[in-house]
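Participant: The sequence and its predicted three-dimensional model are supplied below.
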Amino acid sequence: EVQLVESGGGLVQAGGSLRLSCAASGFTVDDYVIAWFRHAPGKEREGVSCISGSFNTKNYADSVKGRFTIFSDNAKNTVYLQMKDLKPEDTAVYYCAAKFRGSEEYIAWGQGTQVTVSS
């Protein structure tokens, strides 16, 4: 069974840092594109960052460039999202998802982890 489990969310003050984890089972993260999305109340879901391990490519939304870093640990089959200099507008439920390279459809989603940034 393909499964993704996020962890690492929490409450942090503006300017603080958090590291989110996306642990995969049933497949190898290096063979897929793993993306982080976030969904804030009253807003549309937003793509935050993605990584294609085999090609070592990483992409970021303009809103998080320079503050967020995506990376993977193949030994742990886990993808991380290191977030620094957090802002109140980063408050959202963060989800990770997996898709085949070249595909538009995500085949697996995690349950989400809440990130709340206080001002």
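Facilitator: Here it is on my side, so go on.

Participant: now the strands for the chain?
Facilitator: Secondary structure of the chain by DSSP state E: the strands cover 3-7, 10-13, 18-25, 33-39, 46-52, 57-60, 68-73, 78-83, 92-99, 106-109, 113-118.

Participant: what packs against the second one?
Facilitator: Looking back up the chat, that one is strand 10-13. strand 113-118 (3 or more Cβ pairs under 8 Å, 6 or more residues apart in numbering; DSSP states H and E). Heads up, the C-betas are built off the backbone N, CA and C, glycines and all.

Participant: Within its sheet, name the partner strands of the strand it packs on and how each one runs.
Facilitator: Next to strand 113-118 in the sheet, as set by DSSP bridges, lie strand 10-13 (parallel), strand 92-99 (antiparallel).

Participant: Skipping its backbone neighbours, what lies nearest the one residue sitting closest to the centre of the chain in space?
Facilitator: Compute the mean C-alpha point of the chain, and by Cα atoms, centre = their mean the closest residue is residue 36, 2.8 Å away. Leaving aside its sequence neighbours, residue 36 sits nearest to residue 48 (Cβ to Cβ, 6 or more residues apart in numbering; 4.4 Å).
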